[in-house]
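In: Sharing a model prediction with you, sequence too.
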Amino acid sequence: MTEVKPLADILTAMKSPESADIALVSKAYEFAQKAHEGQKRYSGEPYFSHIAEVGYSIADIGMDAQTIAAGLLHDTVEDAHIAEETIEQEFGKDVRILVHGVTKLGALKYRGMERHTESLRKLFAATAEDIRVLIVKLMDRLHNAKTLEYVPEHKRERIALETLEIYAPIADRLGMSVIKTELEDAAFPYAFPEEYEKTVDLLKERKNENENRLEKLEKDAKREMAAAGILSFRTEARIKGVFSLYKKLERKDWDITKIYDILALRIIVPTVADCYSALGVVHKHWRPVPGKIKDYIAFPKPNGYQSIHTTVYTGDGGAMEIQIRTEAQHREAQFGIASHLTYKEVQGYVEGTRGGGLEWIRQFIPLMRRTPVATPEPQERTAPQWVKELAHAHADNNQSEEYLASLKSDFFTHRVFVFTPKADVIDLPLGATPIDFAYAIHSEVANKMSGAKVNGKMVSLDSALKNGDIVEIITKPAGKPTRKWYDMAKTTLARKMIRQALAHPNKY
Ligand code: MN
């Protein structure tokens with residue numbers, strides 16, 4: 001049995017807190033400890049051990065004192081019958097709103113496909129009020145997922161599936177890759193036990209071999225960087241999550257030799273220019289695998305992720321992935337939106353290399369009400385289109401409460417979340433059509449599209465998709481994009497692909 005995480009550990013994990021912050025968190029810790037007194041978890045541990053872990057993990061990813069306090073108090077209303085008014089009296093309005101949001105999410109349950117969409121809708125609605133609610137909820141779920149072994153069997157599978165189907169995709173959407181991987185790997189063994197065993201066995205077989213190869217690659221990379229005069233850098237090993245490996249194995253017919261990124265080498269440098277210099281050094285020394293170079297710095301992923309990925313032949317018959325990024329990009333890649341809600345940022349601390357793919361998300365942060373910081377113009381290359389549109393639409397009154405309130409809700413309300421028949425969530429701008437959906441899935445499928453079904457019924461290709469729709473694309477071999485499709489498409493991606501297909505009719 002593990003010990004209850006002490007308050008001192010949480011306070012230490014907080015990044016440069018002020019005395020009022022320490023007081024707030026300490027008070028919340030003691031209040032929750034008393035409120036949950038006598039309650040036990042399935043593991044037999046005091047219920048408060050869960051609370052303390054959640055509070056700690058929120059502090060650990062660098063969140064502000066109010067979010068940590070809300071984490072410590074997140075179960076007091078529902079499980080300890082504390083009135084919300086009491087929370088407000090003792091801890092202030094913001095903490096009350098956060099606890100309320102988390103409580104409202106309460107039992108998000110996975111009960112098959114129909115309920116799944118309902119849960120997601122509820123989640124997005126609650127979160128639109130304050131994105132910090134979602135961070136608390138994710139950390140709550142993470143600790144519950146990590147302690148699944150104690151949960152009675154009949155509940156275990158449902159919680160594991162919910163974690164994979166609802167929470168991990170949300171962590172991914174918010175760019176919190178560390179949390180996403182932890183959620184997936186905690187839930188995987190209980191959601192799909194056989195597949196988990198199979199994946200772990202395959203991984204074990206190749207563990208030593210892969211580790212030796214990575215070690216050599218790391219040593220050589222350090223030497224080559226130094227020889228090229230680049231001295232300010234660090235390296236680290238990236239181990240692919242077990243669930244993520246499983247999904248890739250499924251796509252590669254379970255041939256593990258076709259997967260080059262089970263282990264990857266990361267090279268972390270101070271500036272973007274250094275990233276390209278490092279790429280030069282890497283490609284000069286190792287021959288890159290054609291078609292495997294991805295420049296997510298110039299073209300960030302939709303969730304803001306930035307890095308250069310390349311796979312190189314390592315000279316031993318195999319290949320391995322190398323990821324190159326700046327320190328700021330590294331921090332964002334790990335904690336996504338949370339990396340923008342940290343003390344440092346709130347207090348106006350500006351780091352030399354800051355300003356990466358998630359810069360735009362600052363606009364959704366209610367904390368900015370307290371600390372006015374000049375809102376940077378969303379960067380042309382990094383802000384998703386919908387964020388830019390939003391920012392420009394409201395540019396005239398951009399300091400008002402109203403503006404901030406509308407931005408907060410726009411984060412989700414200007415998007416529709418629809419599903420593939422296999423329940424993957426696809427995130428599209430409002431007004432998106434089945435054409436946008438098809439290109440978001442796969443351009444080869446989209447180019448052969450002949451029709452679309454929404455919730456089991458055929459629809460015209462220009463119908464606007466709604467939250468929770470299940471969309472199925474019908475294809476036929478002779479299917480072909482038309483000029484009309486171009487006019488009906490809302491997303492830049494779909495338009496770009498259709499334009500290409502129209503320009504080269506024989507290629508598609
Ligand atoms: Mn909880």
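Out: Right, received. Where do you want to start? Residues are numbered from 1 along each chain as shown.

In: Please tell me the pLDDT value assigned to residue 257.
Out: The model reports residue 257 with a pLDDT of 85.

In: likewise residue 507?
Out: So, for residue 507, pLDDT stands at 63.

In: low pLDDT regions in the stretch 251-400 of the chain?
Out: 302-303, 340-400 (pLDDT under 70).

In: pretty sure residue 279 contacts residue 325?
Out: No. Judged on CB atoms under 8 Å, residue 279 makes no contact with residue 325 at a distance of 10.8 Å. For the C-beta atoms, the positions are set from N, CA and C on the backbone; glycine is no exception.

In: In terms of neighbours, single out the busier of these two.
Out: residue 325 (26 against 20; other CB atoms under 10 Å).

In: tell me the contacts of the more buried one?
Out: Residue 325 sits next to 266-269, 275, 297, 306-308, 333 when contact means CB atoms under 8 Å, 6 or more residues apart in numbering.

In: Then residue 50?
Out: By CB under 8 Å, 6+ apart, the residues touching residue 50 are 41, 75, 143-144, 147.

In: Inside helices: which ones of these?
Out: Here DSSP state H is the test, and these give 143-144 as lying in helices.

In: Which residues of the chain lie near the ion?
Out: Within reach of the ion by CB under 5 Å from the ion, the chain has these residues: 75, 140.

In: which one's the longest helix in the chain?
Out: Under DSSP H, the chain gives helix 193-227 as its longest helix.

In: I'd like the mean pLDDT over it, please.
Out: 92.

In: what's the following helix or strand after it?
Out: Once helix 193-227 ends, the next helix or strand along the chain (criterion: DSSP states H and E) is strand 234-239.

In: In three-state terms, how would the residue positioned nearest the centre of the chain be classified?
Out: In the chain, the residue lying closest to the centroid (CA atoms, centre = their mean) is residue 172, at 2.2 Å. The three-state assignment at residue 172 reads helix, by DSSP: H, G, I helix; E, B strand; the rest coil.

In: That one contacts residue 181, correct?
Out: No. At 9.3 Å, residue 172 does not count as touching residue 181 under the criterion of CB under 8 Å.

In: picking up where we left off before, next step: the contacts of residue 325 restricted to helices.
Out: 275, 333.

In: Between the contacts of residue 325, which sits nearest the ion?
Out: residue 333 (27.2 Å; CB to the ion).

In: And that closest one, how close does it get to residue 297?
Out: 11 Å (CB to CB, to the nearest Å).

In: Looking at these two, which one has more neighbours?
Out: A count of neighbours by other CB under 10 Å puts residue 333 above the other of residue 333 and residue 297, at 26 against 22.

In: Could I get the contacting residues of the more buried one?
Out: Contacts for residue 333 (CB under 8 Å, 6+ apart) come out as 175, 177, 305-307, 325.

In: Could you work out the most separated pair of these?
Out: Greatest spacing in those, by CB to CB: 175 and 325 (13.1 Å).

In: and residue 217, how many neighbours?
Out: Counted by other CB under 10 Å, the residues lying close to residue 217 total 24.

In: how much space between it and residue 224?
Out: 10 Å.

In: Mind checking which of the contacts of residue 325 land in strands?
Out: Per DSSP state E, strands hold the following members of the contacts of residue 325: 266-269, 308.

In: which pair in those spans the largest distance?
Out: Top of the distance list for the ones in strands among the contacts of residue 325 (CB to CB): 268 and 308, 11.6 Å.

In: Looking at the stretch 101-250 of the chain, which residue is nearest the ion?
Out: For the stretch 101-250 of the chain, CB to the ion, closest residue to the ion: residue 140, 4.2 Å.

In: before we move on, which element is that residue in?
Out: Assigned by DSSP H and E, residue 140 belongs to helix 131-146.

In: hmm, back to that, ChimeraX command for the buried members of the contacts of residue 50?
Out: Selecting only the buried entries of the contacts of residue 50 in ChimeraX, with 16 or more other CB atoms under 10 Å as the criterion:
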select :75,143,144,147
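
In: Return the residues in contact with residue 260.
Out: Residue 260 neighbours (CB under 8 Å, 6+ apart): 289, 292, 311, 318-321.

In: Then it would be within a helix, right?
Out: No. Counting by three-state DSSP, residue 260 is not part of a helix but coil.

In: And it, how close does it get to residue 288?
Out: Applying CB to CB to residue 260 and residue 288 gives a distance of 11 Å.

In: How about residue 151: what's its closest non-neighbour residue?
Out: Leaving out its chain neighbours, the residue that sits closest to residue 151 by CB to CB, 6 or more residues apart in numbering is residue 42, at 5.4 Å.

In: now the helices for the stretch 401-508 of the chain?
Out: 401-413, 434-441, 443-447, 483-488, 492-503 (DSSP state H, counting those that start in this stretch).

In: So which of these is the most surrounded?
Out: Ranked by mean neighbour count, those are led by helix 434-441 with a mean of 25 (mean count of other CB atoms under 10 Å).

In: Counting by contacts, list what it packs against.
Out: Helices and strands touching helix 434-441, by 3 or more CB pairs under 8 Å, 6 or more residues apart in numbering; DSSP states H and E, are strand 425-429, helix 443-447, strand 449-454, strand 471-475, helix 492-503.

In: Give me the average confidence score over the last one.
Out: So that's helix 492-503. If you average the pLDDT over helix 492-503, you get 87.

In: Got the domain ranges for this protein?
Out: Following automatic domain parsing, one gets these domains for the chain: 7-188, 198-332, 342-380, 414-503.

In: Please tell me how far residue 282 sits from the ion.
Out: In this view, residue 282 and the ion are 44 Å apart by CB to the ion, to the nearest Å.

In: That residue is in what secondary structure piece?
Out: When secondary structure is defined by DSSP H and E, residue 282 falls within helix 272-285.

In: quick one: common contacting residues for residue 333 and residue 297?
Out: Taking CB under 8 Å, 6+ apart as the contact rule, residue 333 and residue 297 both touch 306-307, 325.

In: Dump the C-alpha coordinates for stretch 157-171 into CSV.
Out: Output in CSV follows, covering the C-alpha atoms of stretch 157-171 (Å, rounded to 0.1, in the frame of the first residue of the first chain):
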residue,chain,number,x,y,z
GLU,A,157,-13.6,-3.0,-18.7
ARG,A,158,-16.2,-0.2,-19.0
ILE,A,159,-13.8,2.3,-17.3
ALA,A,160,-10.9,1.1,-19.5
LEU,A,161,-13.0,1.5,-22.7
GLU,A,162,-14.2,5.0,-21.6
THR,A,163,-10.6,6.0,-21.0
LEU,A,164,-9.6,4.9,-24.5
GLU,A,165,-12.7,6.1,-26.3
ILE,A,166,-13.3,9.4,-24.6
TYR,A,167,-10.5,10.7,-22.5
ALA,A,168,-7.4,9.7,-24.4
PRO,A,169,-8.6,11.3,-27.7
ILE,A,170,-9.4,14.5,-25.7
ALA,A,171,-5.9,14.6,-24.2
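
In: Any regions of the stretch 51-200 of the chain where pLDDT drops low?
Out: In the stretch 51-200 of the chain (pLDDT under 70), the answer is 105-129.

In: Just the helices from it, written as ranges.
Out: In the stretch 51-200 of the chain, the helices defined using DSSP H, counting those that start in this stretch lie at 65-73, 76-80, 84-91, 93-105, 113-129, 131-146, 153-162, 168-173, 177-191, 193-227.

In: For the last one, name the packing helices and strands.
Out: It stands for helix 193-227. Helix 193-227 sits against helix 177-191, strand 234-239, helix 242-251, strand 263-269, helix 272-285, strand 319-326, with contacts defined as 3+ CB pairs under 8 Å, 6+ apart.

In: So for the fifth one, what gets flagged as buried?
Out: Along helix 272-285, the positions that meet the burial threshold by neighbour count (16+ other CB under 10 Å) are 272, 274-279, 281-282, 285.
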